[in-house]
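# Sequence first, predicted coordinates after that:
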There are 4 protein chains.
Amino acid sequence: MTYFNNISNIKYEGSNSTNPYAFKFYNPEETVGGKTMEDQLRFSVAYWHTFTEDLSDPFGAGTAIRPWDRYDGMDRAKARVDAAFELFEKLNVPYFAFHDVDIAPEGSNLRESNQNIDAIVAMIKDYMKDSKTKLLWNTVNNFTHPRFVHGAGSSNNADVFAYAAAKVKKGLEVGRELGAENYVFWGGREGYETLLNTDMKRELDHLGRFFHMAVDYAKEIGFGAQFLIEPKPKEPTTHQYDFDVASGYAFLQRYGLQDDFKFNIEANHATLAGHTFEHELRYARVNNILGSVDANQGHPLLGWDTDEFPTDLYATTLAMYEILKNGGLGSGGLNFDAKVRRGSFTPEDLVHAHIAGMDSFAVGLKVAQRLIDDQVFDKVVAERYSSFDTGIGKAVEDGTADFYQLEQHALSLGGIQNESGRLEQIKATINQYLLKEYAGV
Amino acid sequence: MTYFNNISNIKYEGSNSTNPYAFKFYNPEETVGGKTMEDQLRFSVAYWHTFTEDLSDPFGAGTAIRPWDRYDGMDRAKARVDAAFELFEKLNVPYFAFHDVDIAPEGSNLRESNQNIDAIVAMIKDYMKDSKTKLLWNTVNNFTHPRFVHGAGSSNNADVFAYAAAKVKKGLEVGRELGAENYVFWGGREGYETLLNTDMKRELDHLGRFFHMAVDYAKEIGFGAQFLIEPKPKEPTTHQYDFDVASGYAFLQRYGLQDDFKFNIEANHATLAGHTFEHELRYARVNNILGSVDANQGHPLLGWDTDEFPTDLYATTLAMYEILKNGGLGSGGLNFDAKVRRGSFTPEDLVHAHIAGMDSFAVGLKVAQRLIDDQVFDKVVAERYSSFDTGIGKAVEDGTADFYQLEQHALSLGGIQNESGRLEQIKATINQYLLKEYAGV
Amino acid sequence: MTYFNNISNIKYEGSNSTNPYAFKFYNPEETVGGKTMEDQLRFSVAYWHTFTEDLSDPFGAGTAIRPWDRYDGMDRAKARVDAAFELFEKLNVPYFAFHDVDIAPEGSNLRESNQNIDAIVAMIKDYMKDSKTKLLWNTVNNFTHPRFVHGAGSSNNADVFAYAAAKVKKGLEVGRELGAENYVFWGGREGYETLLNTDMKRELDHLGRFFHMAVDYAKEIGFGAQFLIEPKPKEPTTHQYDFDVASGYAFLQRYGLQDDFKFNIEANHATLAGHTFEHELRYARVNNILGSVDANQGHPLLGWDTDEFPTDLYATTLAMYEILKNGGLGSGGLNFDAKVRRGSFTPEDLVHAHIAGMDSFAVGLKVAQRLIDDQVFDKVVAERYSSFDTGIGKAVEDGTADFYQLEQHALSLGGIQNESGRLEQIKATINQYLLKEYAGV
Amino acid sequence: MTYFNNISNIKYEGSNSTNPYAFKFYNPEETVGGKTMEDQLRFSVAYWHTFTEDLSDPFGAGTAIRPWDRYDGMDRAKARVDAAFELFEKLNVPYFAFHDVDIAPEGSNLRESNQNIDAIVAMIKDYMKDSKTKLLWNTVNNFTHPRFVHGAGSSNNADVFAYAAAKVKKGLEVGRELGAENYVFWGGREGYETLLNTDMKRELDHLGRFFHMAVDYAKEIGFGAQFLIEPKPKEPTTHQYDFDVASGYAFLQRYGLQDDFKFNIEANHATLAGHTFEHELRYARVNNILGSVDANQGHPLLGWDTDEFPTDLYATTLAMYEILKNGGLGSGGLNFDAKVRRGSFTPEDLVHAHIAGMDSFAVGLKVAQRLIDDQVFDKVVAERYSSFDTGIGKAVEDGTADFYQLEQHALSLGGIQNESGRLEQIKATINQYLLKEYAGV
Ligand SMILES: [Co+2]
Ligand SMILES: [Co+2]
Ligand SMILES: [Co+2]
Ligand SMILES: [Co+2]
Ligand SMILES: [Co+2]
Ligand SMILES: [Co+2]
Ligand SMILES: [Co+2]
Ligand SMILES: [Co+2]
C-alpha cells in the first residue's frame, strides 16, 4: 500500500529549479567540510508530527488529511509504518525518531500496550532491513495520557512513577531492538502547575532516581545509545524542571548524572526559555554536552511552541556553525520536530515542508562551512581575546595570578584601551556570505 | 573642520567587494522597479543616534567616542552640523531627520532655546544649499526634560501642555524653514505610568486638541508637510496611547483627525507591540495611512527598544514588498532610527552600520521587486480569494447579499472544500528568491 | 437526573467560615453602592468551560471527570442542560452564556445542526421558566470546525463565509428566543496565520459586511440585544484582527459600526495583548464602549490563554472600580470565561472554582466601592489635573486656545513646577483598603 | 546637617492609621513565629536607589529632587552618608547595602578611587558606632564605567579583568572593615551582546578563576561574609551568564565553587528570567543555596527591570513562606533593591516607598506564618505525596527499587487513581488568610 502516490523520489535539481518537488540546495552526495551533506546533516523525520499529528489546536479540531486515517487502531498503526517508510525513501532521509504512542496505540493496560508496540516494532524492523533509514532515537510519551496529569517521574503518585518507569523500560528495549543511536527524555509533565501543592525537593529526588535507574537498566541490557535530555521551559506545565540546558546541567551535576547524559536541543524550546537557538547549542558545546538537535523554529511573537519547519537561514547558519565547531553531532542528528501549519493540511504539504527544512539546513551548512574556512569569526575572536595569550592575561588562564598581582597590574595601568566589537560590520559580513554562497563566486 | 578623516566617499563595489567601506548591494543609480534605488529607498540618517547619542544604557555611562565631543554647548552643536553634512556626503544619503534638542542645546528658558535653534537652523540651511541631502522630517523632543515627567500634550500640568505646544510651534516653523517633507509626532511620554492617578479621558481630549492646533498652525503658516504619528506601545511609559497603528487610527477617527495624519512606522516599535514590522506596514497600507518608516530592528528576545541597524533580509524584503505595493512612501522615506551597539563605539562603526542597513534594504528592495514581477504572492492571493469574484462571494462584496441568501447558500452546500495555504512552500520560495537574487540567474 | 449530588446550595457564611462549600465574601443580598451584590456583579457561568470542556491541552488528553459524559450525542447535550441548571441553582448565579456547539452537537449538515440546537433551546427555555438564571449572552462557535481553518467571516472561501453567516443568523434567532441580553462576536479565526497568503484589505471589508448584515438581521427580527465584540490578540491565529479594544474600535469607526457595538473584555485577552485588564476596561469606559466582561485571569509568565478563574484581588478591585465608575455594565455582566486547571478534574472543583471567583469579585466590589466612597483616587486625580480647571488650561479644554496663546504662556513661565505622582503611597493605600475591608473597621 | 527635616521617626500605628508617615503593619517588636518582626525581616536600604539614583531613564534626564545634590564630588558623597544614616534611623532599618561607586565617586585612577572609598568608609564606620544599622552586604560596581563595555571578569581585555579584580579586592577589604555579613556579585556585564564575537568557553573559565581568587582572598584576610551571586537573565547584556539560580548553580558546580556561594535572589530578575519570585526562592531553598533577597517587584507587562518597591501582598506572602520554611535567611536579609518611580521625585516619596515595602513584607510575614501554623500547604503536600511513604514509593525513595520491580508493580495495577490538585480551592484559601489576618479573627 502506498500513500504519496503523486510524489516521486525527491532529487536535487539545483537552485534554479522551479519544481516544487525537488531539492534546490540539499545535495546529499555533495561534500562540504570533508563529509557528504547527508553525513553532516543526519536528517531525521519525526514520526509524531508527520504520521500521527492531526493539526488540531486548543481552539480547533484536526484539519489534517491523511490517507492512512481511513483505518483504525492497529490497522492505522500499520498503515502509518507503510506511509513512513515510503516517505523516508522519497525524501531520502537517513533517520527517523518516535515516541511509543506514535507507532502503536495504547491498549487497555500496560501489557496490551506493550504487545501493540511489539507488533509494530517487528514490522518496522522488517522494513529497516531493506531501508537506509535508521532510528536516530526513540522515547516514550509519558505526558499525553490523563494518568500523567500530575507528572510521570515527578508525579506525586507512586503508581504513576512505576507506570512511567515501566514505559521507559520498554522504550529502552525497543531502542536496543531497533538499533537506536540515542534515547531521549522530554519531561513534558515533569514540572508543576503551581508551587502551592508541590514538593519540589521530593520531585527532583525522584527524578534523579528515575534517571539513575534508566542508566542502570540500559547498561544491564547492553543498550549503548547516548542518553539525551530535551529541555523545555514550560508548556504544558507552568514550569518544567528542565527549563533550559543550563538548568538541566545543574540537575545532572547535582544528582551525579553528568557523565551519562547529553542534551537534545530544540530551537523552539530555546526561544521559549528566552535564549537563542545558537545560545543553547553554544552553551552545550563548550560544556561538552551537545548531543542532538530538534530542528524547528518558533514564531518570535507567539508564546507557545509552534514547532514550525525551520526556514530561517540565519538560524540554520548559526546552528550549523555550532555543530561544525562541535565536530559534528556524533550519534545525534537534525530531527525535524516540526509540524506543518494547520492550514497546510494535505499530504503534499508534508513533502513541501521537509524540502523547505532540508534545503534551509543545507544552505546553513554551506554558509557555516565557508565562514569557518575563511575564519570569519575565528579571526575576530582570536584577536579580541589575545590579551589573555601573554602577560597578566596568561597568568590568569594558567592559574598563577592572584588578587595581589592583578591589583598591582591595575594600579600600573595608565588607561585602559578597549576595541570596538564591530557587531554591525559582522552582521553585514554574514549577509554577504549568505548571498554570495550561491552567486558562483 | 572634518571628522571622518579616514573615510572616503562610500561607493558601490558589488557583492564580491571585501572593502568594508563600500556598498556591496546598494547602488544608488541602479534602476529597480522603474526608479533608481536612491529614489525607491529614500534613506535618511537620524541625527540623534548618529551625532548626539552617547551609547549610555540604564546600567552604564556612555562609551561613544565622537571627535566633536571635544567641544561643548553651541560649539559642539555646530561641530555636529559639520560632522553631519560630512557624513551625509560620504554616505551619499538623500535625507536626514532630527529633533530640536538633537541639533541645539536647550537654553535656560524657552526663548534662549529657540535662539539656539535659530542659530543652528541657519547653519543647516546654509549647508543644505550645497548639499543634496534634504530634510525628511523634523520633530521636537517633548520627553527628555524633567518637565515632561508626567507627559507633554497629555500632562496633567497645563503649563507643561503650553510649553510642549510652544515647542511644536517652533518645530513647525523650523520644518517650514528647512523644507521638511514631513513632521513627526512621537509621544514618548504621552501615556501613563499608572492608571491609579490618571484621567485618561481628559488626557486623550487634550491630545486631540493639541493635534488640531498643530494642524491649524501648520496650515496658517503654509507648512505643507505630511503629519505623521509614530506609535510605540510603551517605554518609557508603562502604556503609550499610540500603542500601535490601529490604536492611533482609532484615536484619529475618534477626534476627527484621520485626514490630517499618516503614520511613521518603526520596526522595533511594531515588535514591542506584539506585531511584525510587515503587519504594521500592511495595516497602514490597506487603510491608506502609511506615511514613512523608521528603519531599524529589535532583538526578538529583549523587551526594550534596542533600535538596532536593520540587517535582517527577511524583514527588509517584506517591508519593501509592502512599500512597493503602496506605490512607494510618497513624501516619506527610510529613516535609520538606529544606533550602533554600545560595544561599537568608534566613528567608523557609524559608517559600517549605515552601510549594513543600506545594503540590507537594497537587497530587500531587489528581492521584493522580483517577487512582485513574478507575482509570487499575487498569484497565490488571487487564487485563494477567487470565490469572492463570482456568485455568492461577489454578492457579499457588492453588498447585495444578506443573511437569508447566505443561509440559503450554506444550506445548499454538500460539503465545503478548503485549499491548503501552502505556507511552508511559500517560505521555501522566499528563500530561493533571496539566494537567487545575486546568483546571476 | 442530578449530577452534583454531594453539593448543597452554596450559602454565604462570612469570612471566618471553614466550609469549602460556602461563600466567605459574596453575599448576594448585601447592598453595596446602592444595589445588591447580585445586581452589581451579575455573575454568569460559561457553559463551555463548565459543561463541555474536557481539560485536554496540546500535549494531553482530557482529564475531566464529568458524570454527564456517560452519555453521548444529544443525550449528553440534554444531560448537560440538567447539570447546568442544577449548578446554576446551587451557585445561585443570575446568568449563563453559551456558544451554539456547547449546547448541542453539530449534525452532519447545517440543517441537522440547527435541529439539534432547536431541541436543546426548547429544553433550556423550559428550564428557564422556573429558574432565576437568565441568558447573559449567546454566540456561535465559528472557529473549532475544520471548515474554519482559514477563518469564518474573513475566510478566503465564500462558502465558509456563507456558512458562518448562517450560523450567526441562527445564533441571533436563538438569542431572541431565550431573551439573551447581549450577543457576542469572538473572531477566533478572524485573523491570519501569515500575511504571505493573506489579502488583509479584502478580509477586513468582508468582516465589515458581515457585521452590518448581522446588525440588519437582528433589527429585522426584533432582537434588541447589545452587540459585543470580544477582542483577543492572537491564539489560535498568529494575529487576530480584533487585537484589543483600540484596534476593534478603529475597525468599527472605519466601517461605520461604532453605534451598534460595544466590547466584551476578557482579562486574559487583555494581558496577552500587552495591556492590563483595567487598561482595557478604562479605555472602553472613556470611549463609552464598555459592554460586558469575561471574568478570568491569565498567568503573567505564560504566553497563551490560560483562562484561570479570577482570584487576584488587585485585579478584581481595579476591575470593579472601572465598572462602578461606568455606572455598572448595563446589560452586561461578569461571565466566568474560566476553566479549572487540568489537575482540578473533579466536579467539586467546578464548585470550588466558582466560589473562588465569586468571592474574589465580591471583595473587589466592596473594596472598590469604599475607594470610591472615600474618593481615594478621585481626590488625587482632581487635584492633579486642576490646572486645566482655570486659566490657560481651561482655554485648552474650551477650545479657545491656540498655539500663539500657548507659546505666550510658555514664554511667560518662570519655571515649571510639577507635583509628585505619589505612586508608592497610592499602592500602600490600596493595600490598606484591601486589608481593612474585613477588619471590621 | 539633616535632609529629611519634615519627617519624624516612623512609628507603627496600626492598620487604621491615616498618617502617611506611619507603619500600618510593620511593628518591629511584634513577635511572629518566635522572633521579632525586625529579626525575621532584616530589612535593608539600598544605597544606590535611595541616595545615588537620579531617576533618569533611557528617554529622559533625572527628575529626582535630592537636597544633597546641592553638593558635588566628595562633598556630595559625604552629604549622602549624613542623609543615609538620618533615613536609616527614621525608618528604623537594621541594615543597608552599597556598591563602591554609590558611596564614593571614582577618582582619576584606581588609587584615587580607593582613597575616596577609604574616606567615606571611615565616615560610615564612625556613624555605625552610634547606629543600630549594620551592613547587610557590599559589592563593587563593575558595570557602569565604559571600561566594562565588554565585561569585567568576562571581558576579552585582560587589563579590564585585572581592574575588576582590583576593585573586588578593595570591596572585600571594605566589607571586612565595616563588618558586612555578605558580599554580593552581580555580573551586570558578565555575558554577551552577541555570540558572534564571543568566546564563551574562555569567558566562563575566566569567571571561574575570578571567583576562586575572590574566595581565596577573603579567606586570606579573614573576611567571613557569605558570598552571594545575584542572577539576572539580561539587561544590560543580551544574555547574562548568571541567567537564573539554576544556571548559576550549574556554573558553581562546574567550577567547583558550590560550597562557597549562595544566591541573592531579586524578584524582578526572577520574572525577567521567566520564573516567579517564589520559584527562584524555592529552587534555592531545596538546593540549600538561598542566601539573601533583593526585595522588589517588576511590572508583568514590561520587559525591563523596573525595580519597583514591593507592594504585591501575594508575592510578599509566598516569598516569606519560602523564607520561613528555609529557617530564615541566615546572614541574609530583605534588601530593597527598589527605586521610586520617575514621577515620585520628592524626598518624601523615598519614605512612602519604604513604608509601602516594609508594610507589605510585614503582612506577608504574618500571613505566611499563619499558613505555616495552620499547616495549610503542609497538609496538602503531605497528603499528595503519601504514596511515597510506603510500599513501592518508599522503595523508590530508599533507592531499593529498580525498573524490574517498577514494571511488575505497573503490570499489577488495575487502574490508576489520581487525586485533584485543588488549585482553585487553595487560591481561595490564600485570599481568605490574607483578608482574615487583620480581621481580628
Ligand atoms: Co522536540
Ligand atoms: Co517543540
Ligand atoms: Co522611531
Ligand atoms: Co525605537
Ligand atoms: Co472570553
Ligand atoms: Co480566554
Ligand atoms: Co538586585
Ligand atoms: Co533589578
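Yep, that arrived. Numbering: from 1, shown residues only, chains lettered A, B, ... in the order given. Ligands and ions are numbered 1, 2, ... in the order given.
# Quickly check: the one helix or strand residue A:407 maps to near chain D or not.
Residue A:407 is part of helix A:403-412, with elements assigned from DSSP states H and E. Yes - when contact is scored as C-beta under 8 Å from any C-beta of the partner chain, part of helix A:403-412 falls within range of chain D: A:403-404, A:406-407, A:409-411. Heads up, the C-betas are built off the backbone N, CA and C, glycines and all.
# Heading C-terminal from that helix, find the next helix or strand.
Sequence-wise, the next helix or strand downstream of helix A:403-412 (DSSP H and E) is helix A:423-436.
# which residue does the stretch 51-200 of chain A bring closest to ligand 2?
With C-beta to the ion as the measure, residue A:186 is the residue of the stretch 51-200 of chain A nearest to ligand 2, at 8.7 Å.
# I meant to write chain A there.
In chain A, no residue comes nearer to ligand 2 than residue A:305, which is 4.0 Å away by C-beta to the ion.
# ok, so what distance separates that residue from ligand 5?
For residue A:305, the distance to ligand 5 equals 23 Å [C-beta to the ion, to the nearest Å].
# Tell me how many other residues crowd that residue.
25 (other C-beta atoms under 10 Å in any protein chain shown).
# pLDDT at it, what is it?
Reading off the per-residue confidence, residue A:305 sits at a pLDDT of 98.
# Next up, the contacts around the residue of the stretch 51-200 of chain A closest to ligand 2.
Residues near residue A:186 by C-beta atoms under 8 Å, 6 or more residues apart in numbering or on different chains: A:139, A:143, A:229-230, A:232, A:264.
# Name the spans of chain A whose pLDDT lies under the cut-off.
A:440-441 (pLDDT under 70).
# let's see 90
Per-residue confidence of chain A (counting by pLDDT under 90) places the weak regions at A:1, A:414-415, A:436-441.
# For it, which segments are assigned as strands?
The residue ranges that make up the strands of chain A, judged by DSSP state E, are A:11-12, A:22-23, A:31-32, A:35-36, A:43-46, A:95-99, A:134-139, A:182-185, A:191-192, A:226-229, A:239-240, A:261-266, A:290-294, A:334-336.
# so how far is residue B:90 from the residue nearest to residue A:419 when sequence neighbours are not counted?
For residue A:419, the nearest residue in space outside its immediate sequence neighbours is residue A:384; the separation is 7.0 Å by C-beta to C-beta, 6 or more residues apart in numbering or on different chains. Residue A:384 sits 27 Å away from residue B:90, going by C-beta to C-beta, to the nearest Å.
# Among these two, which residue is more densely surrounded?
When residue A:384 and residue B:90 are compared for neighbours, residue A:384 comes out ahead with 21 against 17, by other C-beta under 10 Å.
# can you count the residues close to residue A:331?
Taking other C-beta under 10 Å as the criterion, the count of residues near residue A:331 is 18.
# quick one, phi/psi of it?
According to degrees, to the nearest 10, the main-chain angles of residue A:331 amount to phi -80, psi 0.
# That one reaches residue A:227, doesn't it?
No - when contacts are counted by C-beta atoms under 8 Å, residue A:331 is not listed as touching residue A:227 (10.6 Å).
# shared neighbours of the two, which are they?
Applying C-beta under 8 Å, 6+ apart, one finds that residue A:331 and residue A:227 are jointly contacted by residue A:182.
# Okay, now stretch A:337-354: how far is its last residue from its first?
The stretch stretch A:337-354 measures 11 Å between its terminal residues, going by C-alpha to C-alpha, to the nearest Å.
# Helices of the stretch 201-350 of chain A, start to end?
If you assign secondary structure with DSSP state H, counting those that start in this stretch, the helices in the stretch 201-350 of chain A sit at A:245-254, A:267-272, A:277-286, A:313-325, A:347-373.
# how about these, which one is nearest chain B?
Proximity to chain B (C-beta to the nearest C-beta) singles out helix A:347-373 among the helices of the stretch 201-350 of chain A, at 3.8 Å.
# Pull out the buried residues from that closest one.
Neighbour counts using 16 or more other C-beta atoms under 10 Å in any protein chain shown place A:347-372 of helix A:347-373 among the buried residues.
# quick one: that helix near chain B?
Yes - applying C-beta under 8 Å from any C-beta, one finds helix A:347-373 in contact with chain B at A:348-349, A:352-353, A:355-356, A:359-360, A:363.
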